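Asks: return atomic coordinates for the entry below.
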Amino acid sequence: MDPVSAIGLAGAILQFVEFAGKVVSRLNEFTVDLNQIPKSFRHIKTELPLIVDALKRISAQVDSGELAESTQSALKPVIVECRRSTEQLDELLDKILPATAASSWERRRKAVASLAKESKVEEISEALDKYIRVLTFHQVIRTGSESETAAFTKSNVFWLVPLDRNANFVGRSDNFEQIDAAFKVKAGTQPKVALFGLGGIG
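Replies: Okay, the predicted model is just below:
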């Protein structure tokens with residue numbers, strides 16, 4: 001089993017973020033020669049940080065318990081494929097990019113040799129671009145769901161209507177106490193209560 005596949009989503013993200021950071025650092029080391037490197041490498045240099053940022057957000061959601069197990073299972077293969085593509089890129093960098101202390105002639109020779117790997121680099125770049133779209137779509141859908149939930153959240157209702165008391169109001173508390181006592185059922189009894197009076201008077 002793939003070591004990355006054997007760990008949880010958060011662990012897979014952490015491994016990828018660390019590995020991708022190293023690959024981006026390697027690309028940054030050769031900024032001086034960037035114009036001599038295939039455009040696809042420049043695309044990857046832009047794409048990897050976007051993937052890392054998206055995965056850091058997802059990792060935070062995992063840590064806070066916001067992602068269901070089913071969602072984590074669905075995202076895991078994307079992380080695994082991101083890692084696999086980045087490893088392929090790292091192997092190509094070993095063959096294409098010159099050592100830090102390489103002479104200018106060696107750098108030019110490596111730059112020319114990199115053209116032969118252009119199609120493979122483009123293939124990796126397209127794969128990473130696809131993963132960016134998948135991760136972005138996931139975040140957009142999730143944000144939309146949260147907005148809908150927030151929109152339908154029931155809010156507390158407060159009534160601030162002034163009470164106009166009638167100065168002639170009679171509370172009849174004694175009557176209500178008698179009614180309350182009449183409705184109380186004692187063990188072994190079956191009381192019957194009848195209320196009568198003129199309609200509308202209460």
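Asks: do a quick rundown of the helices in this protein.
Replies: 9-29, 39-63, 69-96, 104-114, 118-151, 173-183 (DSSP state H).
Asks: the fifth one vs helix 69-96, what angle?
Replies: Okay, so that is helix 118-151. Per axes from the mean of the first three to the mean of the last three CA atoms, to 10 degrees, the angle that helix 118-151 makes with helix 69-96 is 150 degrees.
Asks: buried residues in helix 118-151, which are they?
Replies: Going by neighbour count (16 or more other CB atoms under 10 Å), the buried part of helix 118-151 is 120-122, 124-125, 127-128, 131-132, 135, 138, 142. (Each C-beta comes from the backbone N, C-alpha and C, glycine too.)
Asks: again with stretch 181-200
Replies: Going by 16+ other CB under 10 Å, stretch 181-200 has no buried residues at all.
Asks: can I get it in CSV, CA atoms only?
Replies: Coordinates of the C-alpha atoms in stretch 181-200 are reproduced here as CSV (Å, rounded to 0.1, in the frame of the first residue of the first chain):
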residue,chain,number,x,y,z
ALA,A,181,-58.3,24.5,43.4
ALA,A,182,-61.4,23.0,41.7
PHE,A,183,-59.3,21.5,38.9
LYS,A,184,-56.9,19.8,41.3
VAL,A,185,-57.6,16.1,41.3
LYS,A,186,-57.3,14.3,44.6
ALA,A,187,-56.6,10.5,44.8
GLY,A,188,-59.8,8.5,44.5
THR,A,189,-62.0,11.3,43.3
GLN,A,190,-63.5,12.3,40.0
PRO,A,191,-64.3,16.0,40.3
LYS,A,192,-66.5,17.8,37.8
VAL,A,193,-66.3,21.6,37.2
ALA,A,194,-68.6,23.8,35.2
LEU,A,195,-67.9,27.4,34.2
PHE,A,196,-70.8,29.6,33.4
GLY,A,197,-71.3,33.3,32.7
LEU,A,198,-72.3,35.7,30.0
GLY,A,199,-70.5,35.2,26.7
GLY,A,200,-67.7,37.5,25.9
